[in-house]
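1. Using only what follows, build the 3D model:
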Amino acid sequence: MRTIRIALTGGGTGGHIYPLIAVVEKLERIAIEKKVYMEIRYFGPSDMFRPALEDAGVKISPVLAGKVRRYFSFLNLIDVPKIAIGFVQALFKMYWFMPDVLFSKGGSGAFPVVLAAWFYRIPIIIHDSDAQPGLNNLFSARFAKRIAVSFERALDYFEPKKTACVGNPVRSLLLSDKPNQALAKGKLGFDSEKPLVLFWGGSQGAKRLNDLVIADLKNLIKETQILHQTGIANFSEVQNLSKSAAPEIFSNKEKISYLPVPYLEPAELKLALAAADLVVARAGSNIFEIAAFSKPAILIPLAESANDHQRVNAYEFAKTGAAKVIEEANLLPGIFLSEIRDTLKNKELLGRMSLASGNFFKPQAAEVLAEEVLRFVKV
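-> Down below sits the predicted model:
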C-alpha cells in the first residue's frame, strides 16, 4: 500500500491548530477512499493543543518557536536565536520523516519549519486566516507553491497566480448534526423562550471581555441569558467575582440565567453556538465558526493583536452586515450594554445579520485545501 507523508505546521494557537485539524479530517477521508496509508505529522509548538492533535491521529515533532516583531523589542534578542534553533530542529526532524508536502497555517512557530521544507525542496502550501496576513506567512509566501486565504482582502498581499480565497476550515464535528436552537438552549439548562448571548473569549479567554461582563452583570441578566466562556486561567476569578456582583443569580438552583464555563470542547461549542441568539467575541479565526452557525455577532478586536489583524478582520466581517464592531478604546459598560440591548430587540436586524453571517461562510474550505495538498502527492 502506498504511504503518503504529510507535514503540518502552525503557530500553536487555536486559530492555527483547529483549521489544521479540519483539513486532517478531510485528508483522512480521502485516504480511505483512495486506499492509501497516510502518515501525518505536526512540526512546531503544540503546548495545550497536543491532545486535540493526537485525537485527530496526528503525530507530533516539537520544534522551538520564536516571534519576530515589526518593532524594536529586547524580546527579539531572545526570540531570533529561538528561530535559528527551531530551524536546526526542523531540519533534523524533517529529514527522518521526509514528507511529500508541507501544509502551513502560519504563526510564530511555522517559519523555521517552512524554511526546512524549502531546504529539502518539499512542496509548501500556506493558508492565512486573517484579512491582514501575518508576518510569517508573508515571509513564507516566497517559498510556497500555493497560497490560500480566508478573506478576499488578503489576496492583495500575495502573488495572484498562486493565490486563491477559499475561506477558513472548520472542524467537521461542529458542522455535522447541528441541534436546533430551542433544543440546544434546553440542553445547556437555559429557557428556550428567552434570548441567549454567548460571550466567547476563545481558547485562552479574554480578560477585558470578562471584566466587562462582570462590571455590568446585574443589568445584562435583565436583558438576556448569558453563557460566558472565560478561559481556563480566568475561570475561578470570574466565578468568584460574578457571585459577588450578582449573588441573586446563583440563589435559584432551578433557573439558570448566567453560566460561566472555563472552556468549550467541540461538542459543547456546537451546543453553545447553536443556542446563541448573539455572539460577543474577539475577532480571530473564531469568526468563521460564528459564520458556520449563521450567528449575528458583536466583535471586540484585541487591540494588541499582531499586525492589528483582529481589527481588520472585525471590520471586514462587519462590512458583510453580519456583525457590529466595538473597539476596546470605546468599550465602556454603558455602550456595551446598549449595543447588546439594541441588537437583541431589533428582530429584523438580527435576521439580516444572521443571513449575512451564513452567506460569509465557505463550507467547502477544508475539502478544497485537502485536495490542494494532495495535488502535490502522487496518490
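2. C-alpha only now, for contacts and for neighbours.
-> OK.
3. so where's the stretch 51-200 of the chain shaky on pLDDT?
-> 66-80 (pLDDT under 70).
4. Mind exporting the C-alpha coordinates of stretch 95-115 to PDB?
-> C-alpha atoms of stretch 95-115 as PDB (Å, rounded to 0.1, in the frame of the first residue of the first chain):
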ATOM      1  CA  TYR A  95      15.000  14.600   7.500                       C
ATOM      2  CA  TRP A  96      13.800  11.400   9.300                       C
ATOM      3  CA  PHE A  97      10.200  11.900   8.200                       C
ATOM      4  CA  MET A  98      10.800  13.400   4.800                       C
ATOM      5  CA  PRO A  99       7.200  14.400   3.900                       C
ATOM      6  CA  ASP A 100       5.700  14.600   0.400                       C
ATOM      7  CA  VAL A 101       4.300  18.000   1.100                       C
ATOM      8  CA  LEU A 102       4.100  20.600   3.900                       C
ATOM      9  CA  PHE A 103       0.800  22.500   4.800                       C
ATOM     10  CA  SER A 104       1.500  25.600   6.900                       C
ATOM     11  CA  LYS A 105      -1.100  27.700   8.800                       C
ATOM     12  CA  GLY A 106       1.400  30.400   9.600                       C
ATOM     13  CA  GLY A 107       2.100  31.900  13.000                       C
ATOM     14  CA  SER A 108       5.200  32.200  15.100                       C
ATOM     15  CA  GLY A 109       6.000  28.500  15.100                       C
ATOM     16  CA  ALA A 110       5.800  28.000  11.300                       C
ATOM     17  CA  PHE A 111       8.700  29.800   9.700                       C
ATOM     18  CA  PRO A 112      11.500  27.500  10.800                       C
ATOM     19  CA  VAL A 113       9.600  24.500   9.500                       C
ATOM     20  CA  VAL A 114       8.700  26.200   6.200                       C
ATOM     21  CA  LEU A 115      12.400  27.100   5.800                       C
END
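5. in it, what's buried?
-> Within stretch 95-115, the residues that count as buried by 16 or more other Cα atoms under 10 Å are 98-115.
6. Can you tell me which of the residues you listed end up in helices?
-> Taking DSSP state H as the definition of helices, the buried residues of stretch 95-115 contribute 111, 112, 113, 114, 115.
7. contacting residues for the last one?
-> Taking Cα atoms under 8 Å, 6 or more residues apart in numbering as the contact definition, residue 115 lies against 87, 140, 143.
8. quick one: contacts for the first one?
-> Contacts here follow Cα under 8 Å, 6+ apart; on that basis residue 87 touches 112, 113, 115, 116.
9. want to throw the ones in helices among the buried residues of stretch 95-115 into TSV with distance to residue 128?
-> Formatted as TSV, these follow (distance: Cα to Cα, whole Å):
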residue	distance to residue 128
111	13
112	17
113	16
114	14
115	17
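10. now, which of the residues you listed sits nearest residue 217?
-> residue 111 (42.8 Å; Cα to Cα).
11. isn't the closest one right up against residue 140?
-> Yes. Assessed by Cα atoms under 8 Å, residue 111 is found in contact with residue 140 at 6.6 Å.
12. Could you pull out the strands in the stretch 51-200 of the chain for me?
-> 59-62, 101-104, 124-128, 146-149, 163-165, 196-200 (DSSP state E, counting those that start in this stretch).
13. Got the confidence number for residue 266?
-> According to the prediction, residue 266 has pLDDT 92.
14. Just the buried positions in stretch 193-203, please.
-> So, applying 16+ other Cα under 10 Å, buried residues of stretch 193-203: 195, 196, 197, 198, 199, 200, 201, 202, 203.
15. got the residues you listed as TSV, with distance to residue 56 columns?
-> Shown next, in TSV, are these (distance: Cα to Cα, whole Å):
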residue	distance to residue 56
195	35
196	32
197	30
198	27
199	27
200	24
201	24
202	20
203	18
